[in-house]
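Undergrad: Following is a predicted model, sequence given first.
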Amino acid sequence: MIPEFGQFALALAFTIALVLGILPLVGAVRGDSAWMSLARPAAQGQLVFVAIAFGCLTYAFVTNDFTVAYVANNSNSKLPLVYRIAGVWGGHEGSLLLWMLMLSLWMVAVTVFSRYLPEEMVARVLGVMGLVSVGFLAFMLFTSNPFDRLLPAPPDGRDLNPLLQDPGMVLHPPMLYMGYVGFSVAFAFAIAALISGRLDAAWARWSRPWTTVAWAFLTLGIALGSAWAYYELGWGGWWFWDPVENSSFMPWLIGTALIHSLAVTEKRGSFRSWTVLLAIFTFAFSLLGTFLVRSGVLTSVHAFASDPRRGIFILGFLALVIGGSLALFAWRTSRVGLGGSFDLVSRESMLLTNNVLLAVACGSVMLGTLYPLVLEVLGLGKISVGSPYFDTVFVPLMAPALFLMGVGPIARWKKASLPELAVRLRWAFAVSLAAALLLPFTLGSWKPLVSFGLMLALWIVAASAVSLRDRVRHAATGGNAWRRLTGTSRTFYGMVLAHVGMAVFVVGVTLVKGYESEKDVRMETGDTVEIGGYTFRFDGVAQVAGPNYKAARATMQVTKNGKSVVTLYPEKRIYAVQPNPMTEAAIDPGFTRDLYVALGDELNPTTWVVRVHHKPFVSWIWGGWLLMALGGLLAASDRRYRVAARGRREEQYAAAARGPQTVPASVKANA
Amino acid sequence: MGRAFVLAFLLLLAAAAWGREAAPAAENPQLEQRMMALAAELRCLVCQNQSIADSNADLAKDLRQQIREKLAQGQSEGDIIDYLVARYGDFVLYRPPFKLTTLALWLGPLILLVAGLIALFYRLARRRAAAEVELSEAERARAALLLGSPDEVDQR
């Protein structure tokens, strides 16, 4: 009964989304405020019913209702409760329901935080998001219904993939989807602005905090996914350039370009059409990511071709969203002014160059991800594109972008002078160069690539320090140092924090690539192995039983210079239902190094193959991403997004909305 | 004599308590390193998306052993790659070969970059040629009104 209830709620949500996707948009065109005012209650109603559907599916998982096909395929009565709940998004249908729940949450957030926006704008933004909801709800109802029954019910479920039975599964997908779906707000604002024909600084300011928050969530989601792969997959890598990873990385790259472009549009009124294009493409890449991961096209082109309903639906939806948006863009963009002018050397031009680099990086990732699919579909053979390709292509694109990250924030808007920049940055440059040349000696051997990576990271930090000093020195508030510090905006601090986060990430990648070491050894009880100055002693293997698995658990005593450091317990697990052996690595994380032990094959009852890794500074990789996400959240919490919202009045907007020629006289006088 | 015996005994005891240095899993660690470097660039054909170095599948273990043997026989990395491509096709390579069908793959990023930068500088140059936009004053006034704080809009 409960699953039918969920199904019904989903159908109701679909109906509400249809209403939301049509009436407020039409109302905004006709100036009908009654129709426009439907937007908020409809969005809230949609959330209520999607949440009910989500609750029903969760209930089916918690109560082990294996008459529901999706539950039977992704759960098991022995599965611990927390993974039964996380199992809701462990497969295709439930992931879509989570996607929808997130989208509805973002929509209600728009209704809550847009109280001071013009009614017309709110109606259009929510209407566009309603149309997106229609697409996804239709997709679920017609091709991927999570509530389909399976009768007669199997005695027990086929269990959640053991790889997914991990705390990472509880956190990573919701974070990632918050980011993916959050870009729909930026998209909706862009489309609303295109429809109204008014792409201006105000539009940029409204959509900026939304975009930044979505970006921060996506950043966190990617970092969590990477950390999860690192400890769960058992061979110590943290990024595999897997198509599924690439699907989340593409929107991140283009979204990063978007938040920078939005900053320029807000502050200087420039780049408008480019910013709109980026907003469209960021969301398009989120959809593409969903398509790639969810249609099954990545696993096998043939499997996809044999049951193409889902894939064709998403492909059609994707074509409609991108095609429609671009048509609207082409139609409307001629009306968009150029905005403030700027010189060839200026902060604007540097941000644009960085935008180009990020867009090209995103394009390259897409090329590498889709190329094998295209070749295969065309019958030109099967190829694989993996990390050797991406490393070759990606690093040369990102190095200049990292360099510009240092210069951009120092350069003046509108017109900067190269000699002046050189003077202001010479110390930052000298310090980072000298430190980068010398530091590798303290870490072991000197390696050119390590020096180069450290140089870029230190350059970002040093240049950020210079920009912080200048900013505080020239703070508008005046007064003593403290007042100047507190008077500087959170957007600025957020930027510095995020840039430093990028530097931290680069340090982590550089040092782990340069100095990591591993040993593959066969160990009998009492044997030791030494790596990175640490001695690991193998104290044998015991059999332990988990709730739904059996494990061989080794005990490893780690010492350094005779002093005990930590005891690690790497495991090899066999799950009851899906009996592939799973490696549970044991990790001792640290600020300057991780110790990572994975259990290999059993050679005989007392001898095991053990792989030990020493990974210097690997946690800086995720630390850097965390700082970036925090920087984004800090920037989005800036005072002016709230203050400006409060000071705005709708009548004034309505008056101004008729175009630049009809700005009221009072305003002209003001200006 | 007695003392030396006690010392030897103590050393032995310490060694027993402390254990001996574990043997590398591979017989020839240097060869193993070469094998793993090569295996990391090869795809395990029966896995979802794992390299032969990372996978625990039987096929991957088998191929690792084959690579080991061939390296031990003195074959070069290139020989082994040729052998594997002849057997499994280009699909086995994570670094796609540079040939006609992969031309766009390898040159694509470079072309994108050059095209992007040319488009950028062309537009910037054209933009500078276009007169300074006067209408931005009115627009700025409107933006100032909408944002409720005229001073902020002008802030650099």
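TA: Nice, thanks for sending it over.
Undergrad: looking only at pLDDT, what's the mean for the top helix by length along chain B?
TA: Determined from DSSP state H, the single longest helix within chain B is helix B:103-129. Averaged across helix B:103-129, the pLDDT comes to 87.
Undergrad: What are the buried residues along that helix?
TA: By 16 or more other Cβ atoms under 10 Å in any protein chain shown, the buried positions in helix B:103-129 come out as B:L105, B:W106, B:G108, B:P109, B:L112, B:L113, B:G116, B:L120, B:L124. Using the backbone N, CA and C atoms, a C-beta is placed for each residue, glycine as well.
Undergrad: Intersect the residues you listed with the contacts of chain A.
TA: Among those, the residues that sit close to chain A (Cβ under 8 Å from any Cβ of the partner chain) are B:L105, B:G108, B:P109, B:L112, B:L113, B:G116, B:L120, B:L124.
Undergrad: Pretty sure the first one sits against A:T369.
TA: No: the pair B:L105 and A:T369 fails to qualify as a contact (Cβ atoms under 8 Å) at a distance of 10.8 Å.
Undergrad: Overlap of the contact sets of the two?
TA: Contact with both B:L105 and A:T369 is made by residues A:V385, according to Cβ atoms under 8 Å, 6 or more residues apart in numbering or on different chains.
Undergrad: Which parts of chain B are helices?
TA: Using DSSP H, helices in chain B cover B:2-18, B:29-39, B:58-72, B:77-88, B:103-129, B:136-147, B:150-154.
Undergrad: Please enumerate the strands of chain A.
TA: For chain A, applying DSSP state E gives strands covering A:517-524, A:528-531, A:534-545, A:549-560, A:563-568, A:571-575, A:581-584, A:586-588, A:593-604, A:607-616.
Undergrad: averaging pLDDT over each of these, which comes out lowest?
TA: Mean pLDDT values for the strands of chain A show the minimum at strand A:581-584, a mean of 84.
Undergrad: where in chain A is pLDDT low?
TA: Low-confidence segments of chain A, defined by pLDDT under 70: A:299-307, A:334-340, A:475-479, A:642-671.
Undergrad: redo that, cut-off 50
TA: Counting by pLDDT under 50, the ranges of chain A that qualify are A:646-671.
Undergrad: For the residue nearest the centre of it, which non-adjacent residue is closest in space?
TA: Taking Cα atoms, centre = their mean, the centroid of chain A lies closest to A:L218, which sits 2.0 Å from it. Among residues not flanking A:L218 along the chain, A:G179 sits closest, at 2.6 Å (Cβ to Cβ, 6 or more residues apart in numbering or on different chains).
Undergrad: What is the neighbour count of that neighbour?
TA: A count of nearby residues for A:G179, using other Cβ atoms under 10 Å in any protein chain shown, gives 26.
Undergrad: Now do the domain split for the chain, please.
TA: No chain in the question, so chain A it is. As recorded under automatic domain parsing, the domains making up chain A are A:1-165, A:173-333+A:344-398, A:417-514, A:517-617.
Undergrad: hm, I was asking about chain B
TA: Following the assignment in automatic domain parsing, chain B carries domains at B:21-92, B:100-154.
Undergrad: Considering those, which stretch scores lowest in mean pLDDT?
TA: Within the domains of chain B, confidence is poorest for domain B:100-154, with a mean of 73 (mean pLDDT).
Undergrad: quick one, phi/psi of A:V618?
TA: Taking degrees, to the nearest 10, you get phi -70, psi -30 for the backbone angles of A:V618.
Undergrad: residues contacting it?
TA: Here A:V618 is in contact with A:Y230, A:W238, A:G508, A:V512, A:E516, A:R593, A:D594 (criterion: Cβ under 8 Å, 6+ apart).
Undergrad: I'd like these laid out as JSON lines, including distance to chain B and neighbour count.
TA: Shown next, in JSON lines, are the contacts of A:V618 (distance: Cβ to the nearest Cβ, whole Å; neighbours: other Cβ atoms under 10 Å in any protein chain shown):
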{"residue": "A:Y230", "distance to chain B": "13", "neighbour count": "24"}
{"residue": "A:W238", "distance to chain B": "13", "neighbour count": "20"}
{"residue": "A:G508", "distance to chain B": "20", "neighbour count": "24"}
{"residue": "A:V512", "distance to chain B": "15", "neighbour count": "22"}
{"residue": "A:E516", "distance to chain B": "13", "neighbour count": "18"}
{"residue": "A:R593", "distance to chain B": "21", "neighbour count": "22"}
{"residue": "A:D594", "distance to chain B": "18", "neighbour count": "21"}
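Undergrad: got a list of what the nearest residue to A:T555 once chain neighbours are set aside touches?
TA: If the residues on either side of it in the chain are set aside, A:T555 comes closest to A:D539, at 4.1 Å by Cβ to Cβ, 6+ apart. Neighbouring residues of A:D539 by Cβ under 8 Å, 6+ apart: A:T525, A:G526, A:A554, A:T555, A:M556, A:Q557.
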